[in-house]
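1. Structural data only, the sequence is not supplied:
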């Protein structure tokens, strides 16, 4: 009898171990969309350990959730609603309950057509309003809800092209190891620097208020190197990436490099940029050339060296993301209604196409 019990326990343990070994590893990710077509809001998709994609369905109905973010504790998802209602867009918060999003709150964004949102580890929320040309500041409360607007920082000025006749805040970022906030304005052609005055709940400018980019550059997004010393700014209008560094107490542009092939004269505009966790490779998307461009990072000075282009198997790669383990890169192609996955070589940085799946007007990917 004892032998039977021992054997039974052994078989149970072996079965559990066997199941664990063969358990498939997969990552869910949220997809933000434009809802002027078939889309109804925020969807969840999944990528498995082989890079294969699957659709897990609609999770929240919301108008034009064109950019998404999560709190570091993964309890709350926030989304912009990129609209203009009497000069304002909106942001919404959802409680994340397993594979469900539960609506909690809705607040004004501070300006028309919010196109970017981010949250830090203090549950402070920044939103960039494109048409409003400003940055809104809110917070998330203990119930996963958004406060009303606490502060709005209005940009002023213009650039030199037809897309730059007024401020257009395109993204805003918490610096990883400073209190600095860097807001990227395509319209004024500048980076804007500020911080949060906690005593007044206000956005206030730093001593260096702005950094001008090359005329006509049109800065859009950026990514921080893991060393937190180098910042790579994607310039939408002139299709370049600029390396920004600190020179003493000031931010300065160090170098810039083209994102498109030499002599390419067809329409194309830069969109999104990300860096691998090891800091060795930078990736950026071209809309028109419809590619991901790959650069290798010089670990001594941060300079970028061209590695290659990879077709995105679609049109208008507005947004993309690396998976949490950096093994795959996933692209949202807005105009061809598809999401595409690529296997990433961590040694060369190069990408190999794996899979694609239909998605309605995808414009943001969030792991």
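-> Received the coordinates, thanks. Quantities reported herein were computed from a predicted structural model and do not represent experimental measurements. Numbering: from 1, shown residues only.

2. for the chain, what spans make up the helices?
-> Assigned by DSSP state H, the helices in the chain fall at 2-22.

3. Point out where it drops to low pLDDT.
-> Within the chain, the ranges that satisfy pLDDT under 70 run 1-25.

4. Residue 208 is in contact with residue 194, correct?
-> No: checked against C-beta atoms under 8 Å, the pair residue 194 and residue 208 is beyond contact range at 10.2 Å. For every residue, glycine as well, the C-beta is placed using N, CA and C.

5. Look up the closest residue to residue 94, ignoring the ones flanking it.
-> The shortest distance from residue 94 to any non-neighbouring residue, by C-beta to C-beta, 6 or more residues apart in numbering, is to residue 101 (4.1 Å).

6. do you know how far that neighbour is from residue 341?
-> Distance of residue 101 to residue 341, computed by C-beta to C-beta, to the nearest Å: 23 Å.

7. Neighbours of the closest residue to residue 339 other than its chain neighbours, how many?
-> In this structure, residue 339 finds its nearest non-sequential neighbour in residue 359, 4.6 Å apart by C-beta to C-beta, 6+ apart. Neighbour count of residue 359, defined by other C-beta atoms under 10 Å: 25.

8. For residue 339, give me its contacts.
-> Residue 339 makes contacts with 31, 45, 53, 330-333, 356-357, 359, 362, 365, as judged by C-beta atoms under 8 Å, 6 or more residues apart in numbering.

9. Taking these, please make a PyMOL selection of just the buried ones.
-> A single PyMOL command selects the buried members of the contacts of residue 339 (16 or more other C-beta atoms under 10 Å):
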select buried, resi 31+45+53+330+331+332+333+356+357+359+362+365
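
10. Export the contacts of residue 339 as JSON lines, with columns for distance to residue 127.
-> Below are the contacts of residue 339 laid out as JSON lines (distance: C-beta to C-beta, whole Å):
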{"residue": "31", "distance to residue 127": "19"}
{"residue": "45", "distance to residue 127": "24"}
{"residue": "53", "distance to residue 127": "29"}
{"residue": "330", "distance to residue 127": "24"}
{"residue": "331", "distance to residue 127": "24"}
{"residue": "332", "distance to residue 127": "20"}
{"residue": "333", "distance to residue 127": "25"}
{"residue": "356", "distance to residue 127": "31"}
{"residue": "357", "distance to residue 127": "29"}
{"residue": "359", "distance to residue 127": "24"}
{"residue": "362", "distance to residue 127": "20"}
{"residue": "365", "distance to residue 127": "18"}
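
11. Just the ones of the contacts of residue 339 in strands?
-> Using DSSP state E, 31, 45, 53, 330-333, 356-357, 362, 365 are the members of those that sit in strands.

12. out of the residues you listed, who's nearest residue 179?
-> Using C-beta to C-beta, residue 365 is the member of those that lies nearest residue 179, at 28.5 Å.

13. and the gap between the closest one and residue 31?
-> According to C-beta to C-beta, residue 365 and residue 31 sit 6 Å apart.

14. which neighbours do the two share?
-> Common neighbours of residue 365 and residue 31 (C-beta under 8 Å, 6+ apart) are 332, 339.
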